[in-house]
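Chemist: task: produce atomic coordinates for the following.
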Amino acid sequence: MSKASKLSKDERGQTVDQKLYRSMIGSLLYLTTSRPDLCHSVYVCSYQANPKVSHLNVVKRIIKYVKGKIEYGLSYTNHTNENLVGYCDADWSGCIDDRRNTSGGCFFLRNNPIAWHSKKHNCASLSSTQAEYIAMGSSCT
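Modeler: Take a look at the predicted model:
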């Protein structure tokens, strides 16, 4: 998914075959176990109750990305660095429909990824600072 593209409900768009759409999403969900770079994009596309052509175009774009970046994925190495490092970030008012933010985090042990998360929050943040604090608290838990 492009950073500039934002999905919305698109209630006026043309409806697509739901069976085809759900099978494409299912295949991408299988890939998310080893490809954390796909998690957020696939998550956003998987919660479309009535998919439209605009949603199908985004799913096709994700599949093209996977085809072009086939070498991406998780790899584990044995480093002597024993530090636990975590990163988190938030997207303030990122959803067009309800203006709620999404936060995410990733944790590394010995330079190897061990956990990651992405969550759309229940309420809208009043500022980007508040969104970042919520993301940090979510990562700490």
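Chemist: for the closest residue to Arg35 other than its chain neighbours, give its distance to Tyr43.
Modeler: Nearest residue to Arg35 in three dimensions, chain neighbours excluded: Gly73, at 5.7 Å (CB to CB, 6 or more residues apart in numbering). Every C-beta, even on glycine, is put in place using the N, C-alpha and C of the backbone. Gly73 is 18 Å from Tyr43, where distance means CB to CB, to the nearest Å.
Chemist: ok, Ser128 to Ile134 distance?
Modeler: Counting by CB to CB - Ser128 and Ile134 are separated by 11 Å.
Chemist: between the two, what contacts are shared?
Modeler: Listed as contacting both Ser128 and Ile134 by CB atoms under 8 Å, 6 or more residues apart in numbering are Ala90.
Chemist: spatially central, which residue of this structure would that be?
Modeler: Nearest to the geometric centre of the chain sits His40, at 0.7 Å (CA atoms, centre = their mean).
Chemist: per-residue confidence for it?
Modeler: With respect to pLDDT, His40 scores 78.
Chemist: go ahead and confirm it touches Thr102.
Modeler: Yes: look at His40 against Thr102 with CB atoms under 8 Å: they come within range, at 7.3 Å.
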